[in-house]
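Asker: Make a model of this:
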Amino acid sequence: MRKSFTHLMLLAGLSLSFGAQAIAINGKLDDWGVKKNAGAAGWIPHQGIEHTIEDQTGNANTYLNPGWGGQAYDAEALYAVIQGNHLFIALATGHNPNTRQDPGRNSYGAGDFAIDFGKDGIYELAINIRHVNASGVKADFGVEGGVYENPVWALGLFEETDTDYPINKTKRPAYLTGGEKIGDAVLAYTTVGEAGYGKYAGDLHYFYEMKVDLDLLTLAGWDNNNFNIHWTMNCGNDSIWVDPPPGVPEPATLALLPLGLLGLMAMRRRGSS
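Answerer: Numbering: from 1, shown residues only. Got it, this is the predicted structure:
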């Protein structure tokens, strides 16, 4: 019985120290802790995942920030976590990734993900989401899922007058028009809207997931300091930011590691006696 108890201590210590749930890049956010049919609280992810939640529509005429557009242009929740040597990003939005880029018809496509090292308002890295043009062809710059340094940004339509970002820039970065490709992210997204999420369960939602090797961030100039991740659609009607936490075990997890090590030592002593 003692041996069994010690073995359980060992498993508890090691599994909790290294047991953050693996994230599968498949366009589903259940492994992030996002729950369907759970109301507003369903957006809250697993502990240790940084998140920004802005579920704010339920009405087609809702003002977002800084533009209008309602659910079709709502950036609802953005998540980020570092696990091992990878940065994981997830987005929930009311904006269909297949929305065409056709400003003449007041239609604006999906924007690209922008990363700001140092949180100074300069976005040094981009993850490309190729939007669909007015003819229904993905014909803008770059490779879908491509990671680009020295990005050249097309900007949203709105002057930035709100205070939700610490550095006031004239307009927000929306999508890439140039840059140097340094690698690829693992990328998945959904193009069929799904109801049942958040405060307004009747709203349709679309999800992005991606995994980026941290070596690509380093190559683009990241020095292991804080950074922001930003996303908006090409018009900039609604923007969302998140600041990823460090990729280290949580304090409670670290506290359990000695239990596992003690269990291992006890088992070794029993085996040698």
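
Asker: what pairs with Glu149 across the strands?
Answerer: Beta bridges link Glu149 to Leu125, Glu180, judged by DSSP bridges.

Asker: Enumerate the positions of the helix or strand hosting Ile82 that are buried.
Answerer: Taking DSSP states H and E as the definition, one finds Ile82 inside strand 75-83. By 16 or more other C-beta atoms under 10 Å, the buried positions in strand 75-83 come out as Ala75, Glu76, Ala77, Leu78, Tyr79, Ala80, Val81, Ile82. Using the backbone N, CA and C atoms, a C-beta is placed for each residue, glycine as well.

Asker: ok, Asn228 - contacts?
Answerer: Taking C-beta atoms under 8 Å, 6 or more residues apart in numbering, we find Asn228 in contact with Ile115, Asp116, Lys119, Tyr165, Trp241, Val242, Asp243.

Asker: min pLDDT across those residues, which one?
Answerer: Confidence by pLDDT is poorest for Tyr165 among the contacts of Asn228, given 47.

Asker: By neighbour count, which of the contacts of Asn228 wins?
Answerer: Greatest neighbour count in the contacts of Asn228, by other C-beta atoms under 10 Å, goes to Ile115: 24 neighbours.

Asker: pretty sure that one is touching Ala126, no?
Answerer: Yes - judged on C-beta atoms under 8 Å, Ile115 makes contact with Ala126 at a distance of 7.2 Å.

Asker: what's the nearest residue to Ala114 if we skip its chain neighbours?
Answerer: Closest residue in space to Ala114, ignoring its immediate chain neighbours: Tyr123 at 4.0 Å, by C-beta to C-beta, 6 or more residues apart in numbering.

Asker: check which helix or strand covers the one you found.
Answerer: Going by DSSP H and E, Tyr123 is not part of any helix or strand.

Asker: how far away is it from His46?
Answerer: According to C-beta to C-beta, to the nearest Å, Tyr123 and His46 sit 27 Å apart.

Asker: Looking at the two, which one has more neighbours?
Answerer: Tyr123 (21 against 15).

Asker: which residues does the more buried one contact?
Answerer: By C-beta under 8 Å, 6+ apart, the neighbours of Tyr123 are Ala114, Ile115, Asp116, Pro151, Trp153, Pro173, His230.

Asker: need those in CSV with secondary structure, can you?
Answerer: As requested, those are exported to CSV (DSSP: H, G, I helix; E, B strand; the rest coil):
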residue, secondary structure
Ala114, strand
Ile115, strand
Asp116, strand
Pro151, strand
Trp153, strand
Pro173, strand
His230, strand
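
Asker: Kindly reformat these as TSV containing distance to Phe88.
Answerer: Putting the contacts of Tyr123 into TSV (distance: C-beta to C-beta, whole Å) gives the following:
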residue	distance to Phe88
Ala114	17
Ile115	13
Asp116	18
Pro151	21
Trp153	23
Pro173	21
His230	16
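
Asker: Name the member of the residues you listed with the shortest distance to Val34.
Answerer: The closest of these to Val34 turns out to be His230 (C-beta to C-beta; 20.1 Å).

Asker: wait, doesn't that closest one sit right on Asp112?
Answerer: No - applying C-beta under 8 Å as the test, His230 and Asp112 come out as separate, 9.6 Å apart.

Asker: what is in contact with those two at once?
Answerer: With C-beta under 8 Å, 6+ apart, His230 and Asp112 have common neighbours Pro173.

Asker: quick one: which of these two has more around it?
Answerer: Neighbour totals were compared for His230 and Asp112, and Asp112 leads with 29 against 22 (other C-beta under 10 Å).

Asker: of all the contacts of Asn228, which two lie farthest apart?
Answerer: Farthest pair in the contacts of Asn228, by C-beta to C-beta: Ile115 and Tyr165, 13.8 Å.
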